[in-house]
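S.K.: show me how the following folds:
(chains A and B)
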Amino acid sequence: MWGKAWPASAMAAALAGVLFAGTAAAQVPEGAKMPVAEEHNTVTLGEPGDHRVYVLDPVFPHLIAGKVYVVDGDEQQVIGTMNAGYVPNLVLGKGGKELYFAETFWSRGTRGERTDVVTTYDASTLSPTGEVKLPRGRFLVVTKRWDAISTPDGRFLLSYNMDPATSVSVVDLENDEYVGEIETPGCALMYPMADRRFAMLCADGSLLTVDFDENGEAELSRGEPFFDAQNDPVFEHAAVSTSAEMTYYISYNGMVYPTDMSGETPEVGDAWSLVSEEDKAENWRPGGWMPASYHPGSDRLFVLMHQGGEWTHKNAGSEIWVFDASEGKRLDRIELEEHAASVAVTKDDEPLLYALTEAASLSIFDAANGYAHKGTMGQLGDSPLVLMVHGE
Amino acid sequence: MSDVHSQVLDRVFERMSRAMANHTSRRSFLARVGMALVGGAVLPILPVDRTGRTKEAQAAEFAKTAQTDDPTQCNYWRYCAIDGYMCGCCGGGPSTCPPGTQPSPTSWVGSCINPDDGKTYLLAYRDCCGKDSCARCACLATEGEMPIYRPQLNNDIIWCFGAPSMVYHCSSAALIGEA
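M.R.: As a prediction, the model looks like this:
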């Protein structure tokens, strides 16, 4: 990696420049202007544009130190990075001024006292500004997007916990305090619904609705099973749009369960299949880490697809299939040069489609113009898995 | 189908991982699976399918290409349901933790076929915890793997519960009997 970034000859030249500055200066052509001195400032970021994307790497070879690359998809540039603790979750604050990590540290690196914490970051400096401790801890798992969310009004952060009893930790972001724990037996992950309401997926294939108040008091309401959790479970990483108040749960075998999150309880609509009989015969199925993303303006659902047998649900996709989400009809197929584990589409009217590849690179497509491949950015960590855009 | 209220709780632990594998052109996801037996269940966990239809088929499939000599390879016969970094590459072995790490007191149980005698054995997949990722010899299994709302069968959970540290280091596979 360093060999690519800094060829040995360039390193030698740079060292020589330091060691023999006098000699180097003497080689500047006559008449060329050299800056005498320049200011050395630190960049601050403006408000996030629609095409900003956050690439989270749990860093498998060094799990205690997660990392986030903040990317401007238009410029195809990394515009900053963030350090985090063990298997962190990133939460994008309402309005884009703040970012939050739910993360875990030990006082001596890999040892010492364990601390679980929600850390607030200023989104313009990418620097921490405060923290709230999570006394019950948090669920330690390879980072899953829906293990930490904020409420649509931005007031509360919710962090899923398994210690190993399952619960949700509630943090008041306005007053920087831990509110308490909501016990949620048998259910996991959190999908946004309303300011004081969220849904969870349960082991029997049902959704749990949790209504809670500012004191963390909660009422739980369990729905009927809507998928076969034993034989065809839905992926944890559903495609979510908070503006459309829709969540699309997708099963290992390619069933789509469009779910209206706007009411008092989630309402699962008619299920449809991503794969035709012909597709099935060719063994096409969804897969990856975050296999699907939804664009509310165009009602398009983007799904990573691969050819493989049963239990290949974590295989990266060789193509992205584009569906009309209401009609359940495939509109396009996008071939990927490098297989991708996660996909995300921005939520604006001129959306970009991001595919995070197995080679730790980000492929960028123009979703408003025939899915033209705009470019691929490399060197995004060791094992990046999670993509986040605003509006999910 | 077993019952959540049984006195014995089966746990499965798997981990997503990924090869550093600079020498391979395509890095792949790596995972590990295990199943724990602990007394006095504390988890409010829902029923688990332990009829094992899938697992038996898996074990037989795995055994076709398994070997019994080299515990640093992913096709070592005991690893039919393991995921993660193999302790045999990190200073430990199939039934020992590397220096300075501790086995999780809970172990996961899988059943693997020994291709030498054709018999099926029970394996305790114990995580060694207390140092950062070993990051060597990552092995993968996703057959039968389920989302975290069915945690007993999920391969992403860090299962060092009960160990002095929740920092995952590597995975081992100790023999505990004949199936």
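S.K.: could you use CA atoms for every contact and neighbour count after this?
M.R.: Will do.
S.K.: for stretch A:215-234, what is the distance to the chain centroid?
M.R.: How far stretch A:215-234 lies from its chain's middle: 23 Å, per CA atoms, centre = their mean, to the nearest Å.
S.K.: list the buried ones in it?
M.R.: Buried positions in stretch A:215-234, judged by neighbour count with 16 or more other CA atoms under 10 Å in any protein chain shown: A:Gly216, A:Ala218, A:Arg222, A:Phe227, A:Ala229, A:Asp232, A:Pro233, A:Val234.
S.K.: go back to these and keep what's next to chain B.
M.R.: Contacts with chain B within these, as defined by CA under 8 Å from any CA of the partner chain: A:Pro233, A:Val234.
S.K.: just put the buried residues of stretch A:215-234 in JSON lines and tack on secondary structure, distance to B:Asn114 and pLDDT.
M.R.: Shown next, in JSON lines, are these (DSSP: H, G, I helix; E, B strand; the rest coil; distance: CA to CA, whole Å; pLDDT from 0 to 100):
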{"residue": "A:Gly216", "secondary structure": "coil", "distance to B:Asn114": "53", "pLDDT": "96"}
{"residue": "A:Ala218", "secondary structure": "strand", "distance to B:Asn114": "51", "pLDDT": "98"}
{"residue": "A:Arg222", "secondary structure": "strand", "distance to B:Asn114": "45", "pLDDT": "97"}
{"residue": "A:Phe227", "secondary structure": "coil", "distance to B:Asn114": "37", "pLDDT": "98"}
{"residue": "A:Ala229", "secondary structure": "coil", "distance to B:Asn114": "32", "pLDDT": "96"}
{"residue": "A:Asp232", "secondary structure": "coil", "distance to B:Asn114": "31", "pLDDT": "97"}
{"residue": "A:Pro233", "secondary structure": "coil", "distance to B:Asn114": "31", "pLDDT": "98"}
{"residue": "A:Val234", "secondary structure": "strand", "distance to B:Asn114": "34", "pLDDT": "98"}
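S.K.: tell me which stretches of chain B form strands.
M.R.: Under the criterion DSSP state E, chain B contains strands at B:8-12, B:17-18, B:29-30, B:35-39, B:84-85, B:102-103, B:108-113, B:120-125, B:127-129, B:138-139, B:168-171, B:174-178.
S.K.: tell me which strands the fifth one pairs with, and in which orientation.
M.R.: Under the criterion DSSP bridges, strand B:84-85 sits next to strand B:138-139 (antiparallel) in its sheet.
S.K.: could you give me the average pLDDT of the partner strand?
M.R.: Taken as a whole, strand B:138-139 has a mean pLDDT of 88.
S.K.: bridged to the residue lying closest to A:Arg52 once chain neighbours are set aside, which residues?
M.R.: Leaving out its chain neighbours, the residue that sits closest to A:Arg52 by CA to CA, 6 or more residues apart in numbering or on different chains is A:Asp72, at 4.8 Å. Beta bridges link A:Asp72 to A:Arg52, A:Gln77 when assigned by DSSP bridges.
S.K.: just give me the neighbour total for A:Asp72.
M.R.: A:Asp72: 18 surrounding residues under other CA atoms under 10 Å in any protein chain shown.
S.K.: what distance do you get for it to A:Thr120?
M.R.: A:Asp72 sits 21 Å away from A:Thr120, going by CA to CA, to the nearest Å.
S.K.: if we can go back for a sec, contact partners for the residue nearest to A:Arg52?
M.R.: A:His51, A:Arg52, A:Val53, A:Val78, A:Ile79 (CA atoms under 8 Å, 6 or more residues apart in numbering or on different chains).
S.K.: contacts only, for the second one.
M.R.: So that's A:Arg52. A:Val70, A:Val71, A:Asp72, A:Gly73, A:Val389, A:His390.
S.K.: not counting its neighbours along the chain, what's nearest the second one?
M.R.: Once its chain neighbours are removed from consideration, A:Val71 has its nearest residue in A:Val78; the separation is 4.4 Å (CA to CA, 6+ apart).
S.K.: residue ranges with poor pLDDT in chain B?
M.R.: Within chain B, the segments meeting pLDDT under 70 span B:1-59, B:107-109, B:141, B:143.
S.K.: bridging across strands, which residues link to the closest residue to chain A within it?
M.R.: Minimum separation of chain B from chain A (CA to the nearest CA) falls at B:Ile157, amounting to 4.3 Å. With DSSP bridges as the criterion, B:Ile157 is bridged to A:Val141.
S.K.: for chain B, what is the nearest residue in chain A?
M.R.: A:Val141 (4.3 Å).
S.K.: hmm, that residue is touching A:Val87, no?
M.R.: Yes - here A:Val141 reaches A:Val87: they are 6.5 Å apart, a contact under CA atoms under 8 Å.
S.K.: more neighbours, those two?
M.R.: A:Val87 (26 against 22).
S.K.: spit out the contact partners of that one.
M.R.: So A:Val87 contacts A:Pro58, A:Leu63, A:Ile64, A:Ala65, A:Gly66, A:Glu103, A:Thr104, A:Leu140, A:Val141, A:Val142, A:Thr143 (CA under 8 Å, 6+ apart).
S.K.: swap in A:Thr125?
M.R.: Shown in contact with A:Thr125 (CA under 8 Å, 6+ apart): A:Val43, A:Thr44, A:Leu45.
S.K.: burial count for the nearest residue to A:Met246 once chain neighbours are set aside?
M.R.: Spatial nearest neighbour of A:Met246, excluding adjacent residues (CA to CA, 6+ apart): A:Asp260 at 4.9 Å. Here the number of neighbours of A:Asp260 (other CA under 10 Å) works out to 17.
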